[in-house]
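K.L.:
For reference, the sequence and a predicted model appear below.
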Amino acid sequence: MSLLKPFSKLPSLNTANILLVESEEQFQQSLADVLVEETAFTVNVRLAKSLPLPKENEESRPRIDLVVFIINLTSELSFQSAEASLKYLDPGYLLGKVCFMVTKARNTSVPTERLDAVRKLAAVLSCPLLFAEDQTPDGVTNARERLLSILKVSAGLVPMATALYLSNLTRCTVPPDIDQPSFD
Amino acid sequence: MDESTKRLVQRLMRRIPSKMLKITLEKWGRLTEKQQREIEAVQSKRALTEHLLSFCEKNELGVKRLTELEMIHIIDNPNQEMWYAFRLSDPEDDARSVDLMQFKEQFKSHIRELVSQVSVKIRKHTDEAVWIRIAWGDTYSCPNHLKPTYVVHNLQTPYVFVTSLTSKKKLMLSQALVLSTRYQSLKDANLSGRKLTAIRDLLMRQYQQVFPTKYPSPLTERNQTVTNPHIEREQAKPAERRLQLACEAFGVGMLPQLQSAVYKLETKLRDHTDRTMREREEPFRCVVKFASTNLLESLKNCASSGIASTPVTPLLSSIPLKGKNYFVITENGPGPSSQMS
């Protein structure tokens, strides 16, 4: 089992590296295309279907500053795959270098239990949970802005801020009554 | 003009969409130029029917001519019916030398021997296919032209495509076909679909196929797009491999459009916790049906995106491999392996 470690490699100057994990490999491509357009610093994007990452890329892979799990809420498989991938992540990442991004949450066929499960997962790992619209160009740009602002901090490009500090402010919390039956 | 002819005209007009009517009537060529122009000026379906009825009466066009019109429409639009494929087997020595004239004569005489009241029309289409329209009647009634059966057969190939048919008529049709094509039997090919060209292409393998190779495939070259140096796919190799395997199983490019695949399971339930089910002598029957507007494309996408495991299970890959979309899976003696027939 090869764990992905946050500090096993040296960072390079003015560069941020982001890993997008999505089992369906659809949204990650369009997101990657807009992420690399950033001009203030260099963004390297690595795309993966699931973790663990293949060993043969170990050498060429830069230090990953942020891991994003993209979960399509309409598919149970997508959630399970993300859950299984988490095992191959070094716990050091959970100090502010992981975030979850949920797509298709507005779809009517989404069972509410699945959204609750994702929220619980994010809360247990104290990671931020972002919602994104993957169908429209506007939604993709919004998702890019959010990811870039987290990425900047976790790559150490913002003076006086650290990933751990930011995650204290942005992490997902679950309301205490999530397990109670609702009456609406 | 009698009542049944009138009903045939009305039915025909209902089936042919207004925008195609002009071309179809031109191809038919039974109306004079003046009548043709008059029909073109009319808009509503009801008025069109009235016009056609009066012209038929004037030009003395009977049922025979009207069936020609129907055939022209069906040949041009074969995708409105459900087509079932059959396979002729065990050719006799002279099966290869059957020509159109001989086939026409033989088929007509054989089917008239079997059914006293039957109307048969045979046309050769440009793409080498022979189209047969059969209106069935029984001993006491005239042929029913409202519910004809269409048969498409390419001479010198063992495949026959048939629209809806009852089992009794199937027997008669198979006998007449077998005798006139010089084969020995006609078997159900277990393939059906709404697109005639698709099921024909599938059976005759007229789609782009990919064969397994040891060497780097040409697929990678084809898919090479200009990628950004800052974007890298970690699992590019497994993804490529999945795509290759999916293409090997289902082919590339435009795949024949099938609408469904049905698996009928007649196997025993193997569940160690449930005693009653395990000890039952009878097999556990169930039917699994996959439906889509383009089934093969969907299955290929499932395999290449990793939703279905690769290499593709023989259950799915035998749809294009065997040219079937109806499978019966039975127990193969003692042991866990199952057999597909």
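P.N.:
Right, received. Where do you want to start?
K.L.:
tell me which element B:Gln106 falls in.
P.N.:
helix B:100-114 (DSSP states H and E).
K.L.:
any residues touching that helix, and which ones?
P.N.:
B:118, B:120, B:122, B:124, B:130, B:132, B:134, B:155, B:172-173, B:175-177, B:179-181 (CB atoms under 8 Å, 6 or more residues apart in numbering or on different chains). Every residue, glycine included, has its C-beta placed from N, CA and C.
K.L.:
try 7 Å
P.N.:
With CB atoms under 7 Å, 6 or more residues apart in numbering or on different chains as the test, helix B:100-114 has contacts from B:Val118, B:Val120, B:Ile122, B:Lys124, B:Val130, B:Leu155, B:Met172, B:Gln175, B:Ala176, B:Leu179, B:Ser180, B:Thr181.
K.L.:
Dump the C-alpha coordinates for that helix into PDB.
P.N.:
Presented in PDB, the C-alpha positions along helix B:100-114 are these (Å, rounded to 0.1, in the frame of the first residue of the first chain):
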ATOM      1  CA  LEU B 100     -33.900 -13.700 -58.500                       C
ATOM      2  CA  MET B 101     -36.300 -15.000 -61.200                       C
ATOM      3  CA  GLN B 102     -36.100 -18.600 -60.000                       C
ATOM      4  CA  PHE B 103     -36.500 -17.500 -56.300                       C
ATOM      5  CA  LYS B 104     -39.500 -15.400 -57.200                       C
ATOM      6  CA  GLU B 105     -41.400 -18.100 -59.000                       C
ATOM      7  CA  GLN B 106     -40.500 -20.800 -56.600                       C
ATOM      8  CA  PHE B 107     -41.500 -18.800 -53.500                       C
ATOM      9  CA  LYS B 108     -44.800 -17.700 -54.900                       C
ATOM     10  CA  SER B 109     -45.800 -21.200 -56.000                       C
ATOM     11  CA  HIS B 110     -44.700 -22.800 -52.700                       C
ATOM     12  CA  ILE B 111     -46.500 -20.300 -50.500                       C
ATOM     13  CA  ARG B 112     -49.700 -20.600 -52.600                       C
ATOM     14  CA  GLU B 113     -49.600 -24.400 -52.200                       C
ATOM     15  CA  LEU B 114     -49.500 -23.900 -48.400                       C
END
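K.L.:
Give me the buried subset of the contacts of helix B:100-114.
P.N.:
B:Val118, B:Val120, B:Ile122, B:Val130, B:Leu155, B:Met172, B:Gln175, B:Ala176, B:Leu179, B:Ser180, B:Thr181 (16 or more other CB atoms under 10 Å in any protein chain shown).
K.L.:
I figured the fourth one was touching B:His153, is that so?
P.N.:
Yes: the pair B:Val130 / B:His153 is scored as a contact, 5.2 Å apart, by CB atoms under 7 Å.
K.L.:
Mind putting the buried ones among the contacts of helix B:100-114 into a markdown table with pLDDT?
P.N.:
Formatted as a markdown table, these follow (pLDDT from 0 to 100):
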| residue | pLDDT |
| --- | --- |
| B:Val118 | 84 |
| B:Val120 | 86 |
| B:Ile122 | 87 |
| B:Val130 | 88 |
| B:Leu155 | 82 |
| B:Met172 | 87 |
| B:Gln175 | 89 |
| B:Ala176 | 89 |
| B:Leu179 | 88 |
| B:Ser180 | 88 |
| B:Thr181 | 87 |
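K.L.:
among those, which two are most distant?
P.N.:
By the measure CB to CB, B:Val118 and B:Leu155 form the most distant pair in those, at 21.6 Å.
K.L.:
Flag the shaky bits of the chain, pLDDT-wise.
P.N.:
Assuming you mean chain A. A:1, A:177-184 (pLDDT under 70).
K.L.:
switch to chain B, that's the one I care about
P.N.:
Residues of chain B that meet the cut-off, pLDDT under 70, sit at B:1, B:127, B:214-226, B:333-341.
K.L.:
Now do the strands in it.
P.N.:
Per DSSP state E, chain B carries strands over the ranges B:83-91, B:118-124, B:129-136, B:149-154, B:159-162, B:183-193, B:231-233, B:260-267, B:284-291, B:326-331, B:338-340.
K.L.:
Need the winner for burial among the ones you listed.
P.N.:
Sort the strands of chain B by mean neighbour count, taking mean count of other CB atoms under 10 Å in any protein chain shown, and strand B:159-162 sits at the top with a mean of 23.
K.L.:
packing partners for it?
P.N.:
Applying 3 or more CB pairs under 7 Å, 6 or more residues apart in numbering or on different chains; DSSP states H and E, one finds that strand B:159-162 contacts strand B:83-91, strand B:149-154, helix B:196-204.
K.L.:
Pull the residues that contact it.
P.N.:
If you take CB under 7 Å, 6+ apart as the criterion, strand B:159-162 is touched by B:83-88, B:149, B:151-153, B:177, B:186, B:196, B:199-200, B:203.
K.L.:
Go again with 6 Å.
P.N.:
For strand B:159-162, contacts defined as CB atoms under 6 Å, 6 or more residues apart in numbering or on different chains pick out B:Trp83, B:Tyr84, B:Ala85, B:Phe86, B:Val151, B:Val152, B:His153, B:Leu203.
K.L.:
Tell me who's in contact with the first one.
P.N.:
Translated: B:Trp83. Neighbour list for B:Trp83: B:Phe161, B:Leu196, B:Ile199 [criterion: CB under 6 Å, 6+ apart].
K.L.:
So the second one versus chain A, what's the distance?
P.N.:
B:Leu196 sits 34 Å away from chain A, taking CB to the nearest CB, to the nearest Å as the criterion.
K.L.:
That residue reaches B:Pro78, doesn't it?
P.N.:
Yes: counting by CB atoms under 6 Å, B:Leu196 does reach B:Pro78; the two are 4.1 Å apart.
K.L.:
Where does A:Ala84 sit: helix, strand or coil?
P.N.:
The three-state assignment at A:Ala84 reads helix, by DSSP: H, G, I helix; E, B strand; the rest coil.
K.L.:
With A:Gln80 instead?
P.N.:
Judged by three-state DSSP, the three-state class of A:Gln80 is helix.
K.L.:
any idea how far it is from chain B?
P.N.:
12 Å.
K.L.:
Burial check on that residue, number of neighbours?
P.N.:
The number of residues packed near A:Gln80 is 12, by other CB atoms under 10 Å in any protein chain shown.
K.L.:
cool, B:Val98 as well?
P.N.:
Around B:Val98 there are 18 residues (other CB under 10 Å).
K.L.:
so who does it touch?
P.N.:
So B:Val98 contacts B:Thr181, B:Arg182 (CB under 6 Å, 6+ apart).
K.L.:
same thing but 10 Å
P.N.:
B:Val98 makes contact with B:Pro91, B:Glu92, B:Gln106, B:Leu155, B:Gln156, B:Ser180, B:Thr181, B:Arg182, B:Tyr183 under the criterion CB atoms under 10 Å, 6 or more residues apart in numbering or on different chains.
K.L.:
Next: B:Lys322.
P.N.:
With contact taken as CB under 10 Å, 6+ apart, B:Lys322 is in contact with B:Ala189, B:Asn190, B:Leu191, B:Leu202, B:Leu203, B:Pro314, B:Met340.
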